[in-house]
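Trainee: Here is a sequence together with a model predicted from it:
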Amino acid sequence: MGVAKSKLDACPLSLSWRKSHSVDASRDPRESESTKSGGVSLCGSAMHSRAPEEPACSQEGAEAPGEVSEEATEEEVFLKFVILHAEDDTDEALRVQNLLQNDFGIRPGIIFAEMPCGRQHLQNLDDAVNGSAWTILLLTENFLRDTWCNFQFYTSLMNSVNRQHKYNSVIPMRPLNRPLPRERTPLALQTINALEEDSRGFSTQVERIFQKSVYETQQTIWKGTRNMEQKQFVA
């Protein structure tokens, strides 16, 4: 799977956690999912429509408003995890993704650099966090230098507080390469037990955190929300 070199690149590859993924041209990207589901959207009033000159992925055979393509009706997949990371840590995020998926069987997962192009970053953050069971914060030396990372982790924490089924879903992780020292970890994250890849108990930590029952509970809520949105969209 290809990876975007920058979160501002014009066109990262399609989202791996959907059997097919396309941006519905007839749907207003400013529309908040929480308005329909009663939940809390990460985007809020900060969302803006895409400027006409903003580059977008090619969408061949776009459907007319009100029409739903065969691909769009295919089932979407609820992620096990999303990794939020600094722009310079894309390779390390990919390594952790492969570690969790291949060594521990925790799949599917995605890193933020692989989110779809042609959309606002806040909308991608909303979809990534609310479309997955766990949000992993990759705590590296680059983490505190990236203003976007700081926004991501504060927003994710607030989402986990405001939505009951998201409680304890934010997982800080210190990877093997360039981990953020504990003494420099933001206070808001010091109260959460972090995954320590270099610790002897790492495997036990992973098994304790990523429980199937937690995933299934969140998946059920997510499916209910998606079904409600689709019914309202068709209507």
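Mentor: Ah, there it is.
Trainee: Low-confidence ranges, this protein, go.
Mentor: 1-75, 118, 235 (pLDDT under 70).
Trainee: Flag every buried residue along stretch 156-169.
Mentor: 156-157, 159-160, 163, 166, 169 (16 or more other Cβ atoms under 10 Å). C-betas here are computed from N, CA, C, even on glycine.
Trainee: can you list contacts of that stretch?
Mentor: Stretch 156-169 has contacts (Cβ atoms under 8 Å, 6 or more residues apart in numbering) with 39-40, 42, 84, 129-130, 133-135, 137, 170, 188-189, 217-218, 221.
Trainee: what do you get for stretch 201-221?
Mentor: Outside stretch 201-221, the residues that reach it (Cβ under 8 Å, 6+ apart) are 78, 80-81, 100, 104, 106, 133-134, 165-166, 169, 171, 193, 195-196, 199.
Trainee: in the helix or strand where N124 lies, what's buried?
Mentor: Secondary structure assignment for N124, by DSSP states H and E: helix 121-130. Neighbour-count burial for helix 121-130 flags 122-130 (criterion: 16+ other Cβ under 10 Å).
Trainee: what are the ranges of the strands in the chain?
Mentor: Listed in chain order, the strands found in the chain under DSSP state E are 79-84, 109-111, 132-138, 170-174, 195-196.
Trainee: What pairs with the shortest one, parallel or antiparallel?
Mentor: The partner list of strand 195-196 in its sheet, established with DSSP bridges, is strand 170-174 (parallel).
Trainee: The strand it pairs with vs strand 132-138, what angle?
Mentor: 30 degrees (axes from the mean of the first three to the mean of the last three Cα atoms, to 10 degrees).
Trainee: Just name the closest of the contacts of stretch 156-169 to T147, please.
Mentor: L84 (13.2 Å; Cβ to Cβ).
Trainee: Just give the closest residue to the closest one, not the sequence neighbours.
Mentor: Q152 (4.7 Å; Cβ to Cβ, 6 or more residues apart in numbering).
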